[in-house]
Structure formats: C-alpha cells, structure tokens
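[1] return atomic coordinates for the entry below.
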Amino acid sequence: MWSQGSALDDSTAQNPYAYKSRIGAPFFIVTVTDPITGCFSFDTVEVATSLPFQNSFMNSNCVSNTKIELNWLMIPDPNIKFFGVDYSLDDGRNWVNSARVEASNLDIQVPISYKVYIERPKDNTAIYRWYAIDPLNEKQHVVALDEINCIDLDNYSFHPNPFNDNIQVVIDPVNGSRKLYDIQIMNQYGQVVSSKSIELDQSFQETAVNMDGLGILNNGVYYITIRNNDKLLYKSMLVKSE
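    You can find the predicted model right below:
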C-alpha cells in the first residue's frame, strides 16, 4: 500500500503511475503487510520530476487578499536545520526573507506537517522561493514557488490543527458569490473519510461548517479539500492526534 493514494492511479500496485499535480510531498511511503501474520515493513521512495521549478510538493492557499498560507510534509532529516521562504521584487537579484520555521529533530520515519504564513507585498511582480537550511547555514533544496494571485478569491480557514473530534471550516466568499461547496477530508490513500456540502447565496458573507464525528479516525496525516463542480478551490494538510 502506497501513501498519497490520491496521487496514484492505483495505490496498491507494485509500480503505480503518479500524477504530479496531485503529489503533496516529494516522497511516497510503501507499506508491505503479511496478510497471515499481520507483520509489516515500510520504505520511502523519493520522487524526482523533470520540471524542478514547479511547486509539486507544497500546498499554497490565500487566507486573505494579502496573506498566503504555505504547508508541506517532510520526513525529519538531521541535515536540515530549518525551512525558509523568501520573496524578490527584482526577478531574483535580491531576496527578502518572508518566513522561517524550525525543522523537526525527531528520529522518526513519519512525515511532519509544516505550515507558515507570509504577507504578500503590494507589488504583484513578487516571486517566491522555498528552501531548506543545513547545520552550516547553507541553502538546500531551493524550489521556486508557483505564482499565487490572491485578488478576488474566496477565503478559507479551519481549526484546530492538530484535530481530535471535529474541525470547523470557515468560508468567506468575495462579492457575495453564490456557490456550492463540497468539503472533504481524505486519508493518505485518497479515501474520503468525511464530507459535507453547503450552498451559499449571493447575500451570504461568511459561515462556519462543522466537520464532526472525526474521533473514530486513526492518528496520522489527512487532507482537507474544498471543491466547486470538481474544481479544487482549497487544499491543506491536517494532523489527527489524541
């Protein structure tokens, strides 16, 4: 069984095809289980793509017209001290730090969820990059981030994260737009474990949707998505804990 099942054509096949636009992290974890004894083992496979400057492992969402949420998963690595996000207003000649987060030093082979918020400069020509810093303060794994336009976009937020029994999702549509929202929570295999639909009319400004009954889920990493007519509007990572 492969992790990130929603990014694969078959998460139970020996050599499945992966869809780059759906990959949430630059690695997959394969777990092999003996159906008779229940014994299992797992290994990690890193993913390399032919388009190194395309952001394929990170989720980017507009929290407001000026604030951007970035979240990603990463297995703890002793060679990574922290992560950072920079922006440039002159096509990469000069960079300004926008956010930094300390990397986990846990000795485990389980992905850790990271999240940072960055303020978008008023200059719409800004470009961004994500990178990892090693103990010698050298940049590693520098990745250019996709362009994000936060103008006239609906705003989404949720809490708590990590979650236990329920999650509250807040939707703030712009221009009073009428829209049918499909909210889904999926496990790492792409299976939907909770879902709700809500339709907002043109007079609506903001509402909160309670995703409850989540206490029966196992601890681990999940994904929350918001769609409209199969169009992905929002995606973020969740962590289930006790």
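
[2] which is the next helix or strand following the lowest-mean-pLDDT helix or strand in the chain?
    The least trusted helix or strand in the chain, going by mean pLDDT, DSSP states H and E, turns out to be strand 58-62, with a mean of 71. Next helix or strand after strand 58-62 toward the C-terminus (DSSP states H and E): strand 67-74.

[3] from the contact counts, what lies against that next one?
    strand 58-62, strand 112-119, strand 231-240 (3 or more CB pairs under 8 Å, 6 or more residues apart in numbering; DSSP states H and E). Using the backbone N, CA and C atoms, a C-beta is placed for each residue, glycine as well.

[4] relative to its centre, which residue of this structure is most distant?
    Farthest-out residue of the chain from its mean C-alpha position, per CA atoms, centre = their mean: I36, at 35.4 Å.

[5] what pLDDT does that residue get?
    Note for I36: predicted pLDDT of 86.

[6] which residues does the residue lying closest to E102 once chain neighbours are set aside contact?
    Excluding its sequence neighbours, the residue lying closest to E102 (CB to CB, 6 or more residues apart in numbering) is F82, at 4.7 Å. F82 makes contact with 100-103, 132-133, according to CB atoms under 8 Å, 6 or more residues apart in numbering.

[7] quick one: contacts for M211?
    Applying CB under 8 Å, 6+ apart to M211 gives the contacts 166-169, 183, 185, 194, 196, 224.

[8] S3 too?
    For S3, the contact set (CB under 8 Å, 6+ apart) comprises 11, 28-31, 188-189.

[9] bridged to I224, which residues?
    I185, S236 (DSSP bridges).

[10] list the contacts for it?
    Per CB under 8 Å, 6+ apart, neighbours of I224: 158, 167, 169, 183-186, 211, 234-238.
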